[in-house]
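Asks: quick check, what structure comes out for this input:
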Amino acid sequence: MNRADLSKQPADVAAMFDEVSTHYDRTNALLSVGNAALWRVATTRAVNPKRGERILDVAAGTGTSSAALATTGAHVVAADFSEGMIRVGRQRQAGNSRVEFVQADATKLPFGDDEFDAVTISFGLRNVVEPQKALAEFYRVTKPGGRVVICEFSTPPARVIRSAYFAYLHHVMPAVVKLASSNAEAYDYLGESIAAWPDQKALAGWLREAGYAHVAYRNLTFGIVALHRGVKGHTAAQD
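Replies: Alright, predicted model coming up:
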């Protein structure tokens, strides 16, 4: 079994996701107690895709989020560095001409400058070995006036929620994963990576450092997840 660790070596992370690709969406639905679909809706609304726009969905996995973005008529490039995820995604979205799969590293995107109306990533930035480098790449490929939307696990601000959540990660989630996933050890890394991930304010700071303006975030599900957003090409004071 392949299992990544907090060094987040790209080859290890990719191999881990290759192994879990077949049952990935089902496992996520179980682990999130159904909230994954709600987070996807919130992310799609924040991106606000419009017909004719070109949108980059990074760490798109099997393309579930990309398909949701494409329903308005936007063309979505679903990028992921896991060959297994891309393979499953192409099979599941075979009849969807608005979703295009590309194998790509978030820190070295194979796209031109100012190419996308919006760039989004859901639950993938945490798995990048150099997340700030990835944010710089997101900024580079975003058109002036374009937007970035990041949905990621975060830190619940309320102590009681935070304590209950981390208890779930350490005690409940491993039992669920053993029943649902083809690689239970991979989800040990999931809990570790969430616990080690910066809080909402730190990620907002990274977005500003990358160059995005009007940076803001809102908590979803008591702050278990946070939805961050920003805009490229504005010189006005940031939020």
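Asks: so the residue nearest the centre of the chain bridges to which residues?
Replies: Among the residues of the chain, the one closest to the centroid is Ser122, at 2.0 Å (Cα atoms, centre = their mean). Assessed by DSSP bridges, Ser122 has beta-bridge partners Cys151.
Asks: how near is it to Arg229?
Replies: Counting by Cβ to Cβ, to the nearest Å, the separation of Ser122 from Arg229 is 13 Å. Every C-beta, even on glycine, is put in place using the N, C-alpha and C of the backbone.
Asks: need the residues touching each of these two.
Replies: Common neighbours of Ser122 and Arg229, using Cβ atoms under 8 Å, 6 or more residues apart in numbering, are Ile150.
Asks: what does the pLDDT read for the residue nearest to the centre of the chain?
Replies: With respect to pLDDT, Ser122 scores 94.
Asks: for the longest helix belonging to the chain, give the mean pLDDT please.
Replies: Determined from DSSP state H, the single longest helix within the chain is helix 35-47. Per-residue pLDDT over helix 35-47 has a mean of 93.
Asks: and stretch 73-83, by the same measure?
Replies: Mean pLDDT, stretch 73-83: 95.
Asks: so how far is that stretch from its chain's centroid?
Replies: On the basis of Cα atoms, centre = their mean, to the nearest Å, the separation between the geometric centre of stretch 73-83 and that of its chain is 12 Å.
Asks: how about that stretch: buried residues?
Replies: Residues 74-82 are the ones in stretch 73-83 that count as buried (16 or more other Cβ atoms under 10 Å).
Asks: save those as JSON lines, and put in secondary structure and distance to Ala158 too.
Replies: Output for these, formatted as JSON lines (DSSP: H, G, I helix; E, B strand; the rest coil; distance: Cβ to Cβ, whole Å):
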{"residue": "Ala74", "secondary structure": "coil", "distance to Ala158": "36"}
{"residue": "His75", "secondary structure": "strand", "distance to Ala158": "40"}
{"residue": "Val76", "secondary structure": "strand", "distance to Ala158": "35"}
{"residue": "Val77", "secondary structure": "strand", "distance to Ala158": "37"}
{"residue": "Ala78", "secondary structure": "strand", "distance to Ala158": "35"}
{"residue": "Ala79", "secondary structure": "strand", "distance to Ala158": "35"}
{"residue": "Asp80", "secondary structure": "strand", "distance to Ala158": "33"}
{"residue": "Phe81", "secondary structure": "coil", "distance to Ala158": "35"}
{"residue": "Ser82", "secondary structure": "coil", "distance to Ala158": "34"}
